[in-house]
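Peer 1: fold the following and give me the result.
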Amino acid sequence: MSPRRRKASSSMAAAAMPLAELERWLQARVDRHPAATSLPALDGYVAAIVAGPVSMGPLDWICPLLAIDADAFNHGDTPEFAAISAVALRHNEISQTLSTAPKQFAPMHRREANGDVDARPWCQGFYAAMRLRLPAWAPLLDASNVNHRLLRPILRHCRDDQGRPLLGPPPNSPDPHRNAYADIPAAVEALRQYWMPIRYPRAR
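Peer 2: Residues are numbered from 1 along each chain as shown. Model prediction:
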């Protein structure tokens, strides 16, 4: 990392809201309809931005995520700017991990009282980010596309606006959700690799 980028990252970390505080801040904004109201949902959303088919400017995805106006980027020392910094920091962490040590990528899943992992909020956050540019994701939403399998570990936990499951159970699977979360980290990296030639086309 260059000295300039290291300095910028340090400044971002210093300004960032702690994650526990960020979750409380999001939950207090429910009436403003942020795309995520929990850390797992936020984490899934950010992962989709990192691994998805198109590069997006920060305003285009952070504003709907946090339910803030673009002007919030211009004012430091505010809760909004601290939340922006926390999100940007997590974005950079995910990007760095997937680029240098993808097997270490660990989604921030919610755990139930009995210790079971609930992947639904994380996956629903991922899907919320997909919906920002859903036409770009269209090839993998086609069940007849062999690469549709890359999205299945995530979409099997998602529901549409009417609360209906996005996917039916896969063939010959009596319990499609059992331990399905374990496939998500590898799926995110596979998605990143799939989209990379499209997202970062080489100049001819």
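Peer 1: remind me, longest helix of this structure?
Peer 2: Of all the segments of type helix in the chain, defined by DSSP state H, the longest one is helix 79-100.
Peer 1: which elements pack onto the helix or strand that that one is followed by?
Peer 2: As assigned by DSSP states H and E, the chain's next helix or strand after helix 79-100 is strand 110-111. When contacts are defined as 3 or more CB pairs under 8 Å, 6 or more residues apart in numbering; DSSP states H and E, strand 110-111 packs onto strand 117-118. All C-beta spots, glycine's among them, are computed from the backbone N, C-alpha and C.
Peer 1: okay, now the sheet partners of the strand it packs on, with direction.
Peer 2: Strand pairing for strand 117-118, using DSSP bridges, gives strand 110-111 (antiparallel).
Peer 1: and the partner strand, average pLDDT?
Peer 2: Across strand 110-111, the average pLDDT comes to 88.
Peer 1: any idea of the pLDDT on the most centrally placed residue in the chain?
Peer 2: In the chain, the residue lying closest to the centroid (CA atoms, centre = their mean) is residue 45, at 2.4 Å. Reported pLDDT at residue 45 in the predicted model: 98.
Peer 1: tilt between the helix or strand harbouring it and helix 79-100?
Peer 2: For residue 45, the host element (DSSP H and E) is helix 39-51. Between helix 39-51 and helix 79-100, the angle comes out at 60 degrees (axes from the mean of the first three to the mean of the last three CA atoms, to 10 degrees).
Peer 1: which of the residues in the following helix or strand past helix 39-51 are buried?
Peer 2: Downstream of helix 39-51, the first helix or strand assigned by DSSP H and E is helix 58-66. Buried positions in helix 58-66, judged by neighbour count with 16 or more other CB atoms under 10 Å: 61, 62, 63, 64, 65, 66.
Peer 1: same thing with stretch 47-56?
Peer 2: Buried residues in stretch 47-56, defined by neighbour count with 16+ other CB under 10 Å: 47, 48, 49, 50, 51, 52, 53.
Peer 1: with stretch 29-44 instead?
Peer 2: Applying 16+ other CB under 10 Å to stretch 29-44 flags 29, 34, 35, 36, 37, 38, 39, 40, 41, 42, 43, 44 as buried.
Peer 1: so where's this protein shaky on pLDDT?
Peer 2: Applying pLDDT under 70 to the chain picks out residues 1-11, 168-179, 203-204.
Peer 1: okay then, goodbye and thanks.
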